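S.K.: Give me the fold of what follows.
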Amino acid sequence: MRTASVVCCILISVAQMAQAPRPPDLNAQRAAMKKLNFLVGNWSGEAHVLSSETGPKELAMTERAEFKLGGLVLTIEGVGRSKADGEPALQAFGVVSYDDASGTYHMRAFNDGRFLEADMKLAGHGLTWGFTLGGYRTHSTLRITDAGDWTEHHEISVGSTPAKPFMELKVTRRP
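M.R.: Here you go, the predicted structure:
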């Protein structure tokens with residue numbers, strides 16, 4: 001009986017080792033992340049936030065994007081200050097990474113004490129992402145224009161209602 005238990009433990013250990021996750025391909029991850037180099041830098045401009053509760057808000061917007069961990073992640077920090085009083089009205093922080101096993105970009109974003117995780121798709125000099133939470137769905141598009149501006153267009157829909165814009169952003173790279 002004891003011998004059967006030992007053999008069983010050995011077989012389970014061997015099976016677990018055979019199923020060990022493959023090591024990440026750091027070169028593939030860095031190569032994929034380099035495709036996002038067009039975002040790196042300091043940017044400033046404005047954002048328009050549409051809200052049915054408070055009406056539209058005009059913000060002076062800054063974005064700072066930089067690679068961390070030897071190019072394995074891209075951090076993006078956005079701060080929008082009310083043009084009316086200069087107070088922070090929007091603060092967001094995102095971390096973008098690439099999963100070489102699935103070939104997918106991922107973003108984890110933080111804002112106002114909340115966070116979300118979304119898959120991102122690279123589209124030329126731009127990105128798209130969205131998420132669904134309960135009856136809410138969003139779709140966001142970030143792109144670099146021919147003039148070199150960083151623009152974002154965000155839409156939201158609730159239930160079966162058609163999508164409506166809820167934020168527009170345009171920032172220009174600072175020297």
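
S.K.: now the strands for the protein?
M.R.: 41-49, 57-68, 73-82, 88-99, 104-111, 114-122, 126-133, 136-144, 150-158, 164-173 (DSSP state E).

S.K.: between those strands, which one is nearest to residue 31?
M.R.: Residue 31 lies closest, by CB to CB, to one member of these: strand 88-99, at 8.8 Å. Every residue, glycine included, has its C-beta placed from N, CA and C.

S.K.: partner strands of the closest one, parallel or antiparallel?
M.R.: strand 73-82 (antiparallel), strand 104-111 (antiparallel) (DSSP bridges).

S.K.: the inter-axis angle of it versus strand 114-122?
M.R.: 50 degrees (axes from the mean of the first three to the mean of the last three CA atoms, to 10 degrees).

S.K.: ok, how many other residues are close to residue 53?
M.R.: Residue 53: 4 surrounding residues under other CB atoms under 10 Å.

S.K.: got it, and residue 27?
M.R.: Quick note: residue 27 (other CB under 10 Å) scores 9 neighbours.

S.K.: Do you know the pLDDT at it?
M.R.: Residue 27 carries a pLDDT value of 97.

S.K.: got the end-to-end distance for stretch 97-116?
M.R.: 14 Å (CA to CA, to the nearest Å).

S.K.: Next: stretch 108-122.
M.R.: Stretch 108-122 has an end-to-end distance of 16 Å (CA to CA).

S.K.: Tell me, please, where in this structure the pLDDT is lower than the cut-off.
M.R.: 1-20, 52 (pLDDT under 70).

S.K.: again, 90 this time
M.R.: 1-22, 50-56, 84, 112-114, 116, 123-125, 131-134, 175 (pLDDT under 90).

S.K.: Could you pull out the buried residues of stretch 103-115?
M.R.: 105, 106, 107, 109 (16 or more other CB atoms under 10 Å).

S.K.: could the strands of the chain go into a markdown table alongside distance to residue 34?
M.R.: As requested, these are exported to a markdown table (distance: least, CB to CB, whole Å):
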| stretch | distance to residue 34 |
| --- | --- |
| strand 41-49 | 15 |
| strand 57-68 | 9 |
| strand 73-82 | 10 |
| strand 88-99 | 10 |
| strand 104-111 | 12 |
| strand 114-122 | 11 |
| strand 126-133 | 14 |
| strand 136-144 | 15 |
| strand 150-158 | 18 |
| strand 164-173 | 18 |
